[in-house]
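Student: 3D, please:
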Amino acid sequence: MRKPRYLELAEEIGRGIETGTFAVGTLLPSEAELCERHSVSRHTVREATRVLQELGLVARHQGLGTRIQAAKAASRYVLAMDAIPDLWEYVKNTELKVVRRKLVRAKDALTPLPGADPGDTWRLLEAIRYEKTGEPIAWKQVYIDARYDAVAGDVGKRTVPVYSLIEERYGVKTEKVRQEISAVAIPEEAARALKVKAGSSGLAIVRQYLGAEDRVFEVTLSIYPANRFRYSVELKLEYGR
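Tutor: A predicted model of the protein is given here:
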């Protein structure tokens with residue numbers, strides 16, 4: 001499978017930094033120059049720059065540009081997955097009940113919808129996920145780009161992840177999933193569904209599903225009571241070349 005264009009661009013610029021084409025201490029060409037030179041969009045340039053920044057090769061300076069600060073990436077711990085089988089197992093072994101379906105504007109979402117304009121329409125599904133025993137384990141909000149709204153009717157009826165329904169119906173290929181976990185005080189609506197006290201400790205997981213050109217087409221917000229969720233990962237030390 002071909003790499004996303006922004007990764008190819010990041011690698012190309014990275015090689016230029018390593019070989020001295022772009023010297024440490026100097027500024028990278030402007031976004032407009034990079035767009036013209038590589039025939040890519042500004043979004044692609046920005047995502048490539050983000051990758052280079054995460055590797056410690058460049059630093060952005062407001063009003064000045066992007067300065068090269070290292071010729072080689074520092075070693076770092078990374079979590080990489082070739083697939084997302086854990087999501088399939090989780091969905092297969094639990095039950096999702098949708099309790100509300102409505103259209104919302106991006107500006108009214110409880111969690112950011114990257115790349116969406118405030119007035120863009122998204123399908124919101126509010127749902128509760130249950131163990132097979134009937135115990136509620138998560139309160140969820142699922143935001144689906146309205147262009148893929150036809151899958152909404154199948155959510156909760158088929159034991160496959162929502163992103164898979166979108167892939168199947170529309171041919172969208174999920175390139176990556178971004179995930180963020182944070183501690184929260186469980187809001188009243190979620191507490192009622194989960195049968196816990198409002199304001200008690202919980203975990204919020206936000207997942208963003210990205211397709212080609214890093215376009216986000218689905219975002220999920222899941223809230224779990226602290227004693228009903230466990231997550232473990234293995235980190236691999238990766239060294240810069």
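Student: going forward, measure contacts and count neighbours with C-alpha atoms only.
Tutor: Fine.
Student: just for this structure, where's the confidence low?
Tutor: Applying pLDDT under 70 to the chain flags the ranges 1-3, 74-90, 230-241.
Student: packing partners for the helix or strand residue 103 falls within?
Tutor: Assessed by DSSP states H and E, residue 103 sits inside strand 94-105. If contacts are counted by 3 or more Cα pairs under 8 Å, 6 or more residues apart in numbering; DSSP states H and E, strand 94-105 sits against strand 121-131.
Student: Which secondary structure elements does the helix or strand just after the strand it packs on sit against?
Tutor: Sequence order places strand 136-145 as the next helix or strand after strand 121-131, per DSSP H and E. Strand 136-145 is packed against strand 121-131, helix 188-194, strand 216-225, with contacts defined by 3+ Cα pairs under 8 Å, 6+ apart.
Student: now for those, which one comes closest to residue 170?
Tutor: strand 216-225 (11.4 Å; Cα to Cα).
Student: Can I get the closest one as PDB, trimmed to CA atoms?
Tutor: Listed next in PDB are the C-alpha coordinates belonging to strand 216-225 (Å, rounded to 0.1, in the frame of the first residue of the first chain):
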ATOM      1  CA  VAL A 216     -11.100  12.700   9.300                       C
ATOM      2  CA  PHE A 217     -14.300  10.900   8.500                       C
ATOM      3  CA  GLU A 218     -15.300   9.600  11.900                       C
ATOM      4  CA  VAL A 219     -14.700  10.700  15.500                       C
ATOM      5  CA  THR A 220     -15.800   8.800  18.600                       C
ATOM      6  CA  LEU A 221     -16.000   9.900  22.200                       C
ATOM      7  CA  SER A 222     -16.300   7.100  24.800                       C
ATOM      8  CA  ILE A 223     -16.700   7.500  28.500                       C
ATOM      9  CA  TYR A 224     -16.000   4.600  30.900                       C
ATOM     10  CA  PRO A 225     -16.300   4.400  34.700                       C
END
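Student: neighbouring contacts of that strand?
Tutor: In this structure, residues lying in contact with strand 216-225 by Cα atoms under 8 Å, 6 or more residues apart in numbering are 111, 113-115, 137-145, 163, 186, 190, 194, 196, 200-211.
Student: and it, which strands flank it?
Tutor: strand 136-145 (antiparallel), strand 201-210 (antiparallel) (DSSP bridges).
Student: Now residue 39: phi and psi?
Tutor: phi 60, psi 50 (degrees, to the nearest 10).
Student: Pull the number of nearby residues for it.
Tutor: The number of residues packed near residue 39 is 10, by other Cα atoms under 10 Å.
Student: Any figure for the gap between it and residue 73?
Tutor: Distance, residue 39 to residue 73, by Cα to Cα, to the nearest Å: 26 Å.
Student: now do residue 192
Tutor: 48 Å.
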